[in-house]
Each structure stands twice: as C-alpha cells, then as structure tokens.
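>>> give me a model of this one.
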Amino acid sequence: METVIQTKTLISDVKSKMSDILVAISWREIARTYFGKSSSWLYHKLDGIDGNGGAGGFTTDEAMQLKEALCDLSDRIRRAADSI
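Reported below is the predicted structural model:
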C-alpha cells in the first residue's frame, strides 16, 4: 500500500508584490470583511509566517481570495471616484 503525502504550496512573497499599496489599505478590514479572520492572521500571512513563527504564507485559494478582495475594493473605489 502506497502512502501519498501532499504538501501545500504556500505563496510567501505577497507582501513584496503589494509594497505600493501596503500603507494605503486597512488590512484589518480586509481580514474581517473578506476572510472573516483577525488582522493578526492576515499580517502573519503577509509576513510569510504561520501563527507559531514558522514558515507560512497564503495557500493558492487564499491568494485568489485576496486577489478578489483587492479587485472588489478597487471597484468600490472607482465607483466612489466616479460619483464625485
């Protein structure tokens, strides 16, 4: 009988990819609104660590969810700007 061990692929360079917008966004609101998690959970993900200080990051699904959250936020900002 074969044992198959699957490892999760973690994306740990998300923070560097978003350096241009890091200080302009409320990550606490992103964590609560789009993930239902705490801000510390998201900050750990962005820093590429898990809750115990080990290596971590975003799973592929979490990275896609973050992308969708940022796209939704950009749409909301565009609508607000267009209404001025």
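
>>> make it CA atoms for all contacts and neighbour counts henceforth
Fine.

>>> just to check, L10 is in contact with D61?
No: L10 is beyond contact range of D61, at 9.9 Å (criterion: CA atoms under 8 Å).

>>> more crowded one of these two?
L10 (17 against 10; other CA atoms under 10 Å).

>>> so who does the more buried one touch?
G56, G57, F58, T59, T60 (CA atoms under 8 Å, 6 or more residues apart in numbering).

>>> centre-most residue in this protein?
L66 (4.4 Å; CA atoms, centre = their mean).

>>> can you name every helix or strand that the helix or strand where it lies contacts?
Assigned by DSSP states H and E, L66 belongs to helix 60-82. In terms of contacts (3 or more CA pairs under 8 Å, 6 or more residues apart in numbering; DSSP states H and E), helix 60-82 is packed against no helix or strand at all.

>>> can you do 10 Å?
helix 27-30, helix 39-47 (3 or more CA pairs under 10 Å, 6 or more residues apart in numbering; DSSP states H and E).

>>> okay, buried residues for it please.
A63, L66, A69 (16 or more other CA atoms under 10 Å).

>>> excluding residues flanking it in the chain, which one is nearest the last one?
Pointing back at A69 there. Y34 (6.2 Å; CA to CA, 6 or more residues apart in numbering).

>>> give me the number of residues near that neighbour?
Y34 has 14 nearby residues by other CA under 10 Å.

>>> same deal with the one 4 residues further on?
Using other CA under 10 Å, the number of residues around S38 comes to 15.

>>> pretty sure it contacts G51?
No: assessed by CA atoms under 10 Å, S38 is found out of contact with G51, at 11.8 Å.

>>> what residues of the lowest-mean-pLDDT helix or strand in the chain count as buried?
Ranking every helix and strand in the chain by mean pLDDT, DSSP states H and E puts helix 14-17 at the bottom, with a mean of 90. Across helix 14-17, burial judged by 16+ other CA under 10 Å covers V14, K15.

>>> between the helix holding L66 and helix 39-47, how many degrees?
110 degrees (axes from the mean of the first three to the mean of the last three CA atoms, to 10 degrees).
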